[in-house]
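A.B. asks: Here's a sequence, model it:
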Amino acid sequence: MSPMTTNAQTSPPAGPLTVGFDLDLTLLDTRPGIRKTWLAFAEKYGVEVDADLVISRLGPPLEQEMAHWVPAAQVTEMTAHYRALYGIHAFEPTVPMPGARDALDAVREAGGRTIVVSAKNGPHAQQHFTHLGIEPDVVVGGLFAEGKAEALRAHGASVYVGDHVGDVRGAVAAGALPVGVATGPYAPGELRAAGADVVLEDLTDFRAWWEAYVS
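C.D. replies: This next block holds a predicted model:
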């Protein structure tokens, strides 16, 4: 598959490139582990949860999802309980998305750095990569949508790749080139409408686009 673009691609900046990536459904398919964790949470705490609905809308912070299932006064407590179970259930079933390892390799082969910026809490984000033997240069957790711009600017990211419209907004807020990847809850047209300059079907298309971008 070839990359799909809507707006003219800007030229890469001079000097070492830093490329940011989202985690859930961009680099890693965390759906099986998240589903397993929610089912374990529902059973242990007697909370009625539609785990299939949960994994259809990954991206926002966990607290936002938790608020759909428990009273507002219990969100903080139940989020902590869920995270304890996440460490038990979520890592083993998680696998890289197609093309994820090659995308990171492509950036490094061009002399660039990779940063993962995710709404997932930092320790769990890092543990996912450690478990899979994947080594981004930097992993930052706890940031969503425009909040991701903080880390992207701090690390000098000139490109940010993500599957969620919030990722596109974060890239725009950081002044980074927004690259959408249509492997999450949003179709290519929705990513373009949110402001993505480039939309890829999946990360197997990343290397070809990237090599053209930096050449």
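A.B. asks: And the helices in this structure, which stretches?
C.D. replies: 31-45, 51-55, 62-66, 75-89, 100-109, 122-132, 148-154, 165-174, 188-194, 206-214 (DSSP state H).
A.B. asks: Can you say which of the ones you listed is packed in most?
C.D. replies: When the helices of the chain are scored by mean count of other Cβ atoms under 10 Å, the highest mean neighbour count falls to helix 165-174 (a mean of 24). All C-beta spots, glycine's among them, are computed from the backbone N, C-alpha and C.
A.B. asks: packing partners for that helix?
C.D. replies: helix 148-154, strand 159-162, strand 177-181, helix 188-194 (3 or more Cβ pairs under 8 Å, 6 or more residues apart in numbering; DSSP states H and E).
A.B. asks: Okay, angle between it and strand 177-181 too, please.
C.D. replies: Per axes from the mean of the first three to the mean of the last three Cα atoms, to 10 degrees, the angle that helix 165-174 makes with strand 177-181 is 170 degrees.
A.B. asks: hang on, the earlier thing: pipe the helices and strands packed on helix 165-174 into CSV and attach mean pLDDT and distance to residue 96 per row.
C.D. replies: Shown next, in CSV, are these (pLDDT from 0 to 100; distance: least, Cβ to Cβ, whole Å):
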stretch, mean pLDDT, distance to residue 96
helix 148-154, 97, 21
strand 159-162, 98, 14
strand 177-181, 98, 13
helix 188-194, 98, 21
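A.B. asks: closest to residue 19 out of the helices of the chain?
C.D. replies: helix 100-109 (4.8 Å; Cβ to Cβ).
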